[in-house]
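**Q** build me a model from this:
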Amino acid sequence: MGNSENSSNQYRDFEQIHVAILTKLAEERPQFPAHVPKLIHVLPPVDAHIQGQWQERLQLAKKCYNHENIALIPYYAQNSHWLGMILRFNISGQLEQAEFIDPVANSNFNPMKLQMEFSKLFSGVVLKSMTL
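**A** Numbering: from 1, shown residues only. Predicted coordinates:
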């Protein structure tokens, strides 16, 4: 399989992840209105291997979603290993909570690089690991 074909397949995977999250939120919101707030924004996925993409998504979340809301950022770590980033902003647009979910049991994912980039934009806020 050629490199451009791999890129094309990965792009489709990223699109499918994004659409799947949006679809699931739309389905769940009417069924569980107390648990699925209306102001949830799903940002485009981040590929850990693309320099600066994580920082771009964080800047987008900070700039565009500056009122009480939640921003979800799918994060592709490697080899079908996805993480979920959850940023919760308060009514004044300040980042109130930042978490990531790693669904892989006994994962060896090291979040230090994520935290370093995260701290450049949101100093003083720790990106915490959340378990399911």
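**Q** give me the residue at the spatial middle of this structure.
**A** Centroid-nearest residue in the chain, with C-alpha atoms, centre = their mean: residue 73, separated by 1.6 Å.
**Q** all strands of this protein, in order?
**A** Secondary structure of the chain (DSSP state E): strands located at 40-42, 46-47, 69-78, 81-89, 95-101, 128-130.
**Q** residue 22 contacts residue 42, doesn't it?
**A** Yes: Residue 22 is within contact range of residue 42, at 5.4 Å (criterion: C-beta atoms under 8 Å). No exception for glycine: its C-beta is placed from N, CA and C like everyone else's.
**Q** coming back round to it: can I get the strands of the chain in CSV with distance to residue 27?
**A** Listed next are those as CSV, based on distance: least, C-beta to C-beta, whole Å:
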stretch, distance to residue 27
strand 40-42, 13
strand 46-47, 24
strand 69-78, 15
strand 81-89, 17
strand 95-101, 19
strand 128-130, 22
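**Q** tabulate the ones you listed (TSV), appending distance to residue 119 and mean pLDDT.
**A** Supplementary listing: those in TSV, determined by distance: least, C-beta to C-beta, whole Å; pLDDT from 0 to 100:
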stretch	distance to residue 119	mean pLDDT
strand 40-42	22	89
strand 46-47	16	94
strand 69-78	16	92
strand 81-89	14	93
strand 95-101	10	93
strand 128-130	13	90
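**Q** and these: which comes nearest residue 116?
**A** Residue 116 sits nearest to strand 95-101 of all those, at 13.6 Å, using C-beta to C-beta.
**Q** what is that closest one packed up against?
**A** strand 81-89, strand 128-130 (3 or more C-beta pairs under 8 Å, 6 or more residues apart in numbering; DSSP states H and E).
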